[in-house]
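K.L.:
mind folding the following:
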Amino acid sequence: MKKVTLDVEKLELAASKLRAMAHPMRIAIIDLLTENVKLTVTEIYEHLNIEQASASHHLNILKNKGLLDSKRNGKMIYYSLKYDHLTRVVECINRCGGV
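P.N.:
Residues are numbered from 1 along each chain as shown. Coordinates of the predicted model:
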């Protein structure tokens, strides 16, 4: 049997991203963005029925951990998933009885 060598830096990076996702509202935001190519903060907080400040807080965490992209168009900032494979993480959570 071949010995597997783990890359500690990659594991730490993955753990950091998973910790950023490990909140019900952030999972809901990622799930919402899997269904929509891009959304504004207003569209996100209205759809999830949360306060604007709460949506912004969670979006900033996800963006700072490199999970979301944001693009400004005039006064509006549009958020989107940085990686398509995040949809598979949400699907896995759903299969495990999560969301």
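K.L.:
how about residue 23, nearest residue that isn't a chain neighbour?
P.N.:
residue 58 (6.9 Å; CB to CB, 6 or more residues apart in numbering). No exception for glycine: its C-beta is placed from N, CA and C like everyone else's.
K.L.:
show me which helix or strand of the protein is least confident by mean pLDDT.
P.N.:
Of all the helices and strands that make up the chain, helix 86-95 has the lowest average by mean pLDDT, DSSP states H and E, namely a mean of 74.
K.L.:
centroid residue for the chain?
P.N.:
Centroid-nearest residue in the chain: residue 30, 4.2 Å away (criterion: CA atoms, centre = their mean).
K.L.:
tell me which residue of this protein is furthest from the middle?
P.N.:
Within the chain, the residue lying farthest from the chain centre (CA atoms, centre = their mean) is residue 1, at 36.6 Å.
K.L.:
per-residue pLDDT, that residue?
P.N.:
pLDDT for residue 1: 70.
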